[in-house]
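In: dropping the sequence and predicted coords here.
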Amino acid sequence: MNIYFVRHGQTDWNIQNRLQGSSDIPLNSTGIEQAHILADKLHSTHFDYIISSPLNRALNTANIINQNRNIPLATDSSLSERSFGCLEGVKGDEYDKNLFWDYAKDYHYKDVESIQDFFKRIHTYLDSLIKKYPEKTLLIVSHNGVNIATNCYFNGFPNDMNLLNIKLDNCSFEKYDTSKLISKTAKNFER
């Protein structure tokens, strides 16, 4: 199974360095253009299914990629970005990113989805995809936080545990091959 993981196109909050989380922020004109450019790049790549986060910025990106292709497209809330609750809309320099992305500390704050709960959600979902579509090629359109969790699922945690270094630019993609999946045990995710 191959998964092409795409991060949604640019939004105004990306430019403003605001924490989007589960806020439903639309693509801006640059994000729409990025999605069209990515659609052209991927036009000759075969996909059996497209699965998108239901958040507008991801779903709109997925629809643009699929515009002339008619690939079966579904949404799944498991692919929604990590919920940052009361911090959504806050600028990146107004909260401690390192604290909220420290997997070992698993910081709990008000209504913010904890990092370990978030990773568990994404890893459980990926487990289910691999079981359901073992021989398929999927295009997943989602968010950078989901990409971080997905990258750790396929490649393990970085040696320095700095999750913020795992980043996809808007409308960039990463290809994951389940035949190269690292051996997973609960210990891989409980550091």
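Out: Cool, got the structure. Residues are numbered from 1 along each chain as shown.
In: can you report how many residues neighbour Gln67?
Out: A count of neighbours around Gln67, defined by other CB atoms under 10 Å, yields 11. For every residue, glycine as well, the C-beta is placed using N, CA and C.
In: quickly find the element holding the nearest residue to it once chain neighbours are set aside.
Out: Spatially, and ignoring its direct neighbours in sequence, Gln67 is nearest to Ala39 (6.5 Å; CB to CB, 6 or more residues apart in numbering). Assigned by DSSP states H and E, Ala39 belongs to helix 29-41.
In: which residues does that helix contact?
Out: Outside helix 29-41, the residues within contact range by CB atoms under 8 Å, 6 or more residues apart in numbering are 6, 8-11, 14, 27, 57, 60-61, 64-68, 170-171, 173.
In: next one: stretch 48-60
Out: Contacts of stretch 48-60 (CB under 8 Å, 6+ apart): 8-9, 11, 20, 22, 24-27, 31-32, 35, 61-62, 65-66, 71-77, 79-81, 129, 133, 136-143, 146.
In: buried ones in the helix or strand containing Asn14?
Out: Assessed by DSSP H and E, Asn14 sits inside helix 12-15. Of the residues in helix 12-15, 13-14 count as buried by neighbour count, 16 or more other CB atoms under 10 Å.
In: send me it as CSV with only the CA atoms.
Out: Output in CSV follows, covering the C-alpha atoms of helix 12-15 (Å, rounded to 0.1, in the frame of the first residue of the first chain):
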residue,chain,number,x,y,z
ASP,A,12,-4.6,33.6,5.5
TRP,A,13,-3.9,32.2,9.0
ASN,A,14,-0.9,30.4,7.6
ILE,A,15,0.5,33.7,6.5
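In: circling back to that earlier point, and the helix holding Ala39, average pLDDT?
Out: What helix 29-41 shows for mean pLDDT is 98.
In: ok, then the element right after it?
Out: Using DSSP H and E, the helix or strand that directly follows helix 29-41 along the chain is strand 49-52.
In: that next one pairs with which strands, parallel or anti?
Out: strand 73-75 (parallel), strand 137-142 (parallel) (DSSP bridges).
In: adding mean pLDDT and distance to Asp117, write the ones you listed out as TSV.
Out: Formatted as TSV, those follow (pLDDT from 0 to 100; distance: least, CB to CB, whole Å):
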stretch	mean pLDDT	distance to Asp117
strand 73-75	98	21
strand 137-142	98	17
